[in-house]
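Chemist: Pasting the sequence and the predicted coordinates here, then a few questions.
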Amino acid sequence: MNALMKFLKFSGWSLLILLMASLVIGGLLMGLAQEGLTNSGQWHVVVDDETIVSRELADVVLFGEPAFGSFLAIVITVFCLLLALPLVLLLGVGLPLVCVLLALGAVAFSLLGVAALLAAPLLIPLLLLVWLLRRKPVPRAA
């Protein structure tokens, strides 16, 4: 039981961390989108009506690293593939399958109950006969 509790605790914390990371990345992307970076992914810096920089996002040097935009795009893509794709498959495919199986199981269980009720008048005498035939004779005391 202790190992199960450790696993559940680990799973819960992992899920919480993944959800928080996805919220942070989503917030970052929404903030960047609202700042005007949706225009083909370009930086456009204008000072005194003069364009200073107009380059692709992948070519921008941020934090001292060239091609930081490409790295950021790869990180976001991998993160989405590791988190969003399994969740979509679980919730979009697995959950309907489980619902269908539960519904079919409930129907089968109810049909089995009805069949048992209908067959009871025939099965009870038959089971009594089988029990009488398989019973061992009781030894009589002399």
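Modeler: Sure thing, it's come through. In this text the structure is predicted, and so the values were computed from the model without any measurement.

Chemist: neighbours around Glu50, how many?
Modeler: For Glu50, the tally of surrounding residues (other C-beta atoms under 10 Å) stands at 7. C-beta here means a position set from N, CA and C on the backbone, and glycine is covered the same way.

Chemist: gap between Lys9 and Ile17?
Modeler: Per C-beta to C-beta, to the nearest Å, Lys9 is found 13 Å from Ile17.

Chemist: Past the helix or strand of the chain with the lowest mean pLDDT, which element shows up next along the chain?
Modeler: The weakest-scoring helix or strand in the chain, judged by mean pLDDT, DSSP states H and E, is strand 50-56 (a mean of 60). Next in sequence after strand 50-56, counting helices and strands by DSSP states H and E, comes helix 68-89.

Chemist: So for that following helix, mean pLDDT?
Modeler: Mean pLDDT, computed over helix 68-89, is 79.

Chemist: tell me which residues of the helix or strand that that helix is followed by are tucked away?
Modeler: Next helix or strand after helix 68-89 toward the C-terminus (DSSP H and E): helix 95-134. Neighbour counts over helix 95-134 (16 or more other C-beta atoms under 10 Å) mark no residue as buried.

Chemist: Report the angle between helix 95-134 and helix 68-89.
Modeler: Counting by axes from the mean of the first three to the mean of the last three C-alpha atoms, to 10 degrees, helix 95-134 lies at 30 degrees to helix 68-89.
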